[in-house]
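Asks: need coordinates for the following:
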Amino acid sequence: MPDLVLWDIDHTLMATRGVGGELWAEAFEQVTGVPLREQASVTGSTERVILRETARTHGVAYDEALFTRFADALGAVHIRRAAELRERGHALPGAAAALAALAERGVRQSVVTGNVRSAAEVKVAVFGLDAYLLLEEGAYGEDGEERPELLRQALDRADVAASDAVFLGDTPADVAGGRAAGVRVVAVATGKTSAADLQAAGTDSVLDSLADTARVLKAVLA
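Replies: Below is the predicted model:
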């Protein structure tokens, strides 16, 4: 049994159904004064990287101070529009049941996500998933640019060896990050990447969804 299970958030545990993009655009315009025309690719990336690349395409100078202001603005807009996120978004089928089942078995759980922490906390809280997660042991968009860096940060915070952890995510970047950090990866084909492509990316195992709790437990606790 692993000592720690780490979860990606977007398209692994939940989906915002467009609300997330709206909140991101609002925060971007607030801190840059420039309306968002097109956001850089977000699949498997972190807010720091997404902001830097999006700022570049809009002719906005990027620095750490801009990221800090953006992180604050993004967290604030998530808090202000939490009710809308709850109404329009949803936890993915089986997510709450999988978290609960692992918690019942005494497994520590947290998150590794490209979201800034304040936004991540809102996302898991609005669907009642936070009750199962030790968020202080997670890693967030403020902690680095790439998945391996975030995973190592979470392992350090939890004081858990990579060999004793499992990471669940939905993108090839999640798979590559887990392998680079030395953790076992269970990929979930609930995002834009098919189960076959996740398998080809090198995941240790793959699930079509979290809907079958028994299958999730078998994959995670193997």
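Asks: helices of the chain, start to end?
Replies: Secondary structure of the chain (DSSP state H): helices at 19-32, 47-57, 64-80, 82-88, 95-104, 117-126, 147-158, 172-181, 195-200, 213-221.
Asks: domain-wise, how is the protein divided?
Replies: When the chain is parsed with automatic domain parsing, its domains come out as 4-15+90-221, 19-86.
Asks: including mean neighbour count and mean pLDDT, could these go into JSON lines?
Replies: Heads up, the C-betas are built off the backbone N, CA and C, glycines and all. Below are those laid out as JSON lines (neighbours: other CB atoms under 10 Å; pLDDT from 0 to 100):
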{"stretch": "domain 4-15+90-221", "mean neighbour count": "20", "mean pLDDT": "97"}
{"stretch": "domain 19-86", "mean neighbour count": "17", "mean pLDDT": "95"}
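Asks: grab the nearest non-local neighbour of residue 189.
Replies: Nearest residue to residue 189 in three dimensions, chain neighbours excluded: residue 195, at 4.0 Å (CB to CB, 6 or more residues apart in numbering).
Asks: ok, now which ones touch that neighbour?
Replies: By CB atoms under 8 Å, 6 or more residues apart in numbering, residue 195 lies in contact with 187, 189, 206-208.
Asks: tell me how far it lies from residue 98.
Replies: Distance of residue 195 to residue 98, computed by CB to CB, to the nearest Å: 17 Å.
Asks: and stretch 44-55, how far out from the chain middle?
Replies: Centroid displacement of stretch 44-55 relative to its chain, using CA atoms, centre = their mean, to the nearest Å, is 14 Å.
Asks: what's in contact with that stretch?
Replies: So stretch 44-55 is in contact with 28, 32, 36, 38-42, 61-62, 66-67, 70-71, 74, 114-116, 141-142, 144-147, 150, 169, 171-174, going by CB under 8 Å, 6+ apart.
Asks: now that stretch - C-alpha only, PDB.
Replies: The C-alpha trace of stretch 44-55 is given here as PDB (Å, rounded to 0.1, in the frame of the first residue of the first chain):
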ATOM      1  CA  GLY A  44      -0.400  19.400 -18.400                       C
ATOM      2  CA  SER A  45       1.200  22.800 -17.800                       C
ATOM      3  CA  THR A  46       1.500  25.100 -14.800                       C
ATOM      4  CA  GLU A  47       0.000  28.600 -14.300                       C
ATOM      5  CA  ARG A  48       3.500  30.100 -14.200                       C
ATOM      6  CA  VAL A  49       4.300  28.700 -17.700                       C
ATOM      7  CA  ILE A  50       0.900  29.500 -19.100                       C
ATOM      8  CA  LEU A  51       1.000  33.100 -17.800                       C
ATOM      9  CA  ARG A  52       4.500  33.600 -19.200                       C
ATOM     10  CA  GLU A  53       3.600  32.300 -22.700                       C
ATOM     11  CA  THR A  54       0.300  34.100 -22.800                       C
ATOM     12  CA  ALA A  55       1.900  37.400 -21.700                       C
END
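Asks: skipping adjacent residues, who's closest to the residue of the chain positioned farthest from its centre in space?
Replies: Distance from the centre of the chain peaks at residue 59, with 27.8 Å (CA atoms, centre = their mean). Nearest non-adjacent residue to residue 59, counting by CB to CB, 6+ apart: residue 34, 7.8 Å away.
Asks: same question for residue 174.
Replies: Leaving aside its chain neighbours, residue 174 sits nearest to residue 8 (5.6 Å; criterion: CB to CB, 6+ apart).
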